[in-house]
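Visitor: Give me a 3D structure for the following:
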Amino acid sequence: MQFPSSGPSAPSTRAWDEYRVSVSRRIVAANPNGTYTGLVPEPLLAIPVLEIDLNRDGSVRNLRVQRSPSQAEDTVQLAIDAVRRAAPFGDVSHLPQPWRISEVFLFRDDRKFKPRSLD
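Guide: Residues are numbered from 1 along each chain as shown. Reported below is the predicted structural model:
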């Protein structure tokens with residue numbers, strides 16, 4: 001497989017992008033009643049952003065809130081709970097450290113979300 005000549009980090013960047021999408025799919029699968037598919041509505045209710053530190057096996061080591069919405073603050077906890085229900089996310093030992101991803105949660109008025117990685 002040939003990678004674009006955007007420097008030596010191109011394969012690992014691509015691997016992280018693929019891993020992030022697989023994490024998002026797992027979050028959706030583990031939270032079928034709290035998620036939506038299809039178009040993202042405008043305006044959104046809330047957009048919390050979480051940073052997820054992973055252990056080698058893909059379990060969650062730490063969660064940090066990178067962005068908390070000023071309204072519908074409860075959506076932060078909904079996002080945290082969704083991540084915890086979906087973990088572990090699979091081995092990350094083949095990926096470069098730090099084993100960390102960020103995910104943006106796009107919440108509609110009914111408090112169902114779609115991970116930005118899947119939009």
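Visitor: what's the helix or strand for the closest residue to Arg61 other than its chain neighbours?
Guide: Leaving aside its sequence neighbours, Arg61 sits nearest to Asp53 (C-beta to C-beta, 6 or more residues apart in numbering; 4.4 Å). Every residue, glycine included, has its C-beta placed from N, CA and C. Using DSSP states H and E, Asp53 sits in strand 49-54.
Visitor: contact partners of that strand?
Guide: Strand 49-54 has contacts (C-beta atoms under 8 Å, 6 or more residues apart in numbering) with 23, 60-67, 79-80, 83, 89, 92, 98-105.
Visitor: What about those residues, which are in strands?
Guide: 60-67, 100-105 (DSSP state E).
Visitor: ok, which stretches of this protein are helices?
Guide: Secondary structure of the chain (DSSP state H): helices located at 10-30, 74-86.
Visitor: Show me how far the shortest one is from its chain's centre.
Guide: So the one you mean is helix 74-86. Its chain's C-alpha centre and that of helix 74-86 lie 11 Å apart, by C-alpha atoms, centre = their mean, to the nearest Å.
Visitor: So which elements touch that helix?
Guide: helix 10-30, strand 49-54, strand 60-67, strand 100-107, strand 113-115 (3 or more C-beta pairs under 8 Å, 6 or more residues apart in numbering; DSSP states H and E).
Visitor: Point out the most buried one among the ones you listed.
Guide: strand 113-115 (a mean of 25; mean count of other C-beta atoms under 10 Å).
Visitor: of the helices and strands packed on helix 74-86, which approaches Thr75 most closely?
Guide: strand 100-107 (4.8 Å; C-beta to C-beta).
Visitor: Measure how the strand holding Asp53 sits relative to helix 10-30, angle-wise.
Guide: On the basis of axes from the mean of the first three to the mean of the last three C-alpha atoms, to 10 degrees, strand 49-54 is oriented at 110 degrees to helix 10-30.
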